[in-house]
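In: need coordinates for the below:
(chains A, B, C and D)
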Number of protein chains: 4
Amino acid sequence: MRSRPLMSLRLSTAHTQDIGAGPRGSRVTFPITGGSFEGERLRGKVLPSGDDWTLKRPDGVVELDLRITLETDDGALIHMTFEGVRDDGPPGGSYFRTVSRFETANAKYSFLNRLLAVGSGQIRADGPLHVIEEIL
Amino acid sequence: MRSRPLMSLRLSTAHTQDIGAGPRGSRVTFPITGGSFEGERLRGKVLPSGDDWTLKRPDGVVELDLRITLETDDGALIHMTFEGVRDDGPPGGSYFRTVSRFETANAKYSFLNRLLAVGSGQIRADGPLHVIEEIL
Amino acid sequence: MRSRPLMSLRLSTAHTQDIGAGPRGSRVTFPITGGSFEGERLRGKVLPSGDDWTLKRPDGVVELDLRITLETDDGALIHMTFEGVRDDGPPGGSYFRTVSRFETANAKYSFLNRLLAVGSGQIRADGPLHVIEEIL
Amino acid sequence: MRSRPLMSLRLSTAHTQDIGAGPRGSRVTFPITGGSFEGERLRGKVLPSGDDWTLKRPDGVVELDLRITLETDDGALIHMTFEGVRDDGPPGGSYFRTVSRFETANAKYSFLNRLLAVGSGQIRADGPLHVIEEIL
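Out: Numbering: from 1, shown residues only, chains lettered A, B, ... in the order given. Okay, the predicted model is just below:
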């Protein structure tokens, strides 16, 4: 499979909302308070609001479900979502991957409307970082 | 079909994020900044963060998709979602209905984990109001 | 909440596909092989294909997720989905409720595109029966 | 991004169910009647039942949403879903990509429960073929 860099996405989060062990697993919501994204074809900031709803499944894998709004440096708004999995404990290392989708009305960025993008996530001291590539 | 009152939910929203006419319809995101809910069995406040993602479909009907976190007056957190439809223009009046789901880890409120609830929405001067009933 | 009868839906199913205890719970898929629906405003048959994907959550409640195609007696096709919950073991009786959505291109039935409908399900000797009402 | 071959998936389909131009776009359902999958780590057949629900969006891109059950040659059942996009008309060629998820209770195949997989689809004379790779 071939891919092409799309962006690096940094997120700032507020205190988590720990719902706890509910009917489907253990749920923690991460409010997104801002952030930035940077790539060759688009760059800008993450608007406040938006969240990442995470659910630790019975098998220990965490499912992510994020929805945010991006604003490019030339003023376009982009609705971005990703779903993903994070498994901290497998033999040989962790696995933290996402699949992103985008919606925009801005013609310059309409290429985003038709692509799937795969991201690799990591938790850094200053917050989550996702390196996202377009699937070619 | 029988139902039983569950709560009245009032939401406060920040400036909308108007994504515009995208690939699936016209998308507007309403950031939720707070609110309150009140019923015989539960009451409290809506935590900041959370959003209502709305999409005006090609046929003019608006689909709603909300996710928020409730905090009861005795400190339990409840993950709440609803999906709904809003049709302002039909002959004979508008139609604004939602279906809610809940997740909580708190035993006192665990009855919420297994029920479907139907809501009737309206836009008031001070923000959206949803009257929500448990489906019996 | 007020409602109005929409239809009674009878489903025929093939042998279940028992996936077993997976990462999210215990999954059983019910292939739909046919059926019929009958109401004042629409009636006809359920086309073969379509399934109900069910997942027993860690808390014992079963989540339903059905997708089928209806064909009315005058030849219109309707895409129907429902999500629901089934809880066989609560004190005081079982709870088996669904929320349906519809999509059709046929003008006669376009009223279905903008409504939410609530159903009450039961398992009979000859298969599942869902009594479905439009939420007014 | 690195990937590793997972399987080639061939699907057999029955006559499509053409719902037509509905509220969200033009909907066509492809009933799945069988098929096969083949990879180094798993192989077997696709059980009858299951469908691919497709929706042509207002912008002309087709969204896919498939759910099927796989049976491996040693008797394990796997619940498989994919979502994808198909764009036949862009300058320079078509784009037909999917993202798959899996659920199984069988320990031998439990590696599937925690991975994301990306597929490249094509329509051949004998039906759809999807070449699917695990995202590493």
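
In: and the residue nearest the centre of chain A, how far from A:Glu133?
Out: Nearest to the geometric centre of chain A sits A:Phe82, at 5.1 Å (C-alpha atoms, centre = their mean). Using C-beta to C-beta, to the nearest Å, we find A:Phe82 at a distance of 13 Å from A:Glu133. For the C-beta atoms, the positions are set from N, CA and C on the backbone; glycine is no exception.

In: A:Pro48 now?
Out: 26 Å.

In: what does A:Pro5 give?
Out: Distance from A:Pro5 to A:Glu133, by C-beta to C-beta: 6 Å.

In: of these two, who's got more company?
Out: A:Glu133 (19 against 14; other C-beta atoms under 10 Å in any protein chain shown).

In: which non-adjacent residue is nearest that one?
Out: Closest residue in space to A:Glu133, ignoring its immediate chain neighbours: A:Ser3 at 3.9 Å, by C-beta to C-beta, 6 or more residues apart in numbering or on different chains.

In: pull the contacting residues for that neighbour.
Out: When contacts are counted by C-beta atoms under 8 Å, 6 or more residues apart in numbering or on different chains, A:Ser3 touches A:118, A:133-136, D:1.

In: quick one: buried residues of the longest strand seen in chain A?
Out: Assignment by DSSP state E gives strand A:26-38 as the longest strand of chain A. Buried positions in strand A:26-38, judged by neighbour count with 16 or more other C-beta atoms under 10 Å in any protein chain shown: A:26-37.

In: quick one: is it near chain B?
Out: Yes. Residues of strand A:26-38 contacting chain B under C-beta under 8 Å from any C-beta of the partner chain: A:26-27, A:29, A:31-32.

In: for those residues, which one is nearest chain D?
Out: Chain D lies nearest to A:Ser26 out of the residues of strand A:26-38 next to chain B, by C-beta to the nearest C-beta, at 16.4 Å.

In: beta partners of the nearest residue to the closest one once chain neighbours are set aside?
Out: Once flanking residues are discounted, A:Ser26 sits nearest to A:Lys56: 4.1 Å by C-beta to C-beta, 6+ apart. Counting by DSSP bridges, A:Lys56 is bridged to A:Ser26, A:Val62.

In: how many neighbours does A:Lys56 have?
Out: 16.

In: so for it, what's the pLDDT?
Out: For A:Lys56, the pLDDT comes out at 97.

In: cool, and A:Gly22?
Out: Looking at A:Gly22, the pLDDT reads 96.

In: residues contacting it?
Out: Residues in contact with A:Gly22 (C-beta under 8 Å, 6+ apart) are B:79, B:103-105, B:113, C:59.

In: contacts for the helix or strand encompassing A:Arg97, please.
Out: A:Arg97 belongs to strand A:95-104 when assigned by DSSP states H and E. If you take C-beta under 8 Å, 6+ apart as the criterion, strand A:95-104 is touched by A:64, A:66, A:76-87, A:109-110, A:112-113, A:115-122, A:130, A:132, B:19-20, B:22-24, B:27, D:99, D:114-116, D:135.

In: filter those residues to the buried ones?
Out: Here the buried ones among the contacts of strand A:95-104, as counted with 16+ other C-beta under 10 Å, turn out to be A:64, A:66, A:76-87, A:109-110, A:112-113, A:115-121, A:130, A:132, B:19, B:22-24, B:27, D:99, D:114-116, D:135.

In: please enumerate the strands of chain A.
Out: A:3-13, A:17-21, A:26-38, A:43-46, A:51-56, A:62-72, A:77-87, A:95-104, A:117-124, A:127-135.

In: adding distance to D:Asp52, write these out as JSON lines.
Out: JSON lines is the format used below for these (distance: least, C-beta to C-beta, whole Å):
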{"stretch": "strand A:3-13", "distance to D:Asp52": "25"}
{"stretch": "strand A:17-21", "distance to D:Asp52": "34"}
{"stretch": "strand A:26-38", "distance to D:Asp52": "31"}
{"stretch": "strand A:43-46", "distance to D:Asp52": "34"}
{"stretch": "strand A:51-56", "distance to D:Asp52": "26"}
{"stretch": "strand A:62-72", "distance to D:Asp52": "23"}
{"stretch": "strand A:77-87", "distance to D:Asp52": "19"}
{"stretch": "strand A:95-104", "distance to D:Asp52": "18"}
{"stretch": "strand A:117-124", "distance to D:Asp52": "22"}
{"stretch": "strand A:127-135", "distance to D:Asp52": "19"}
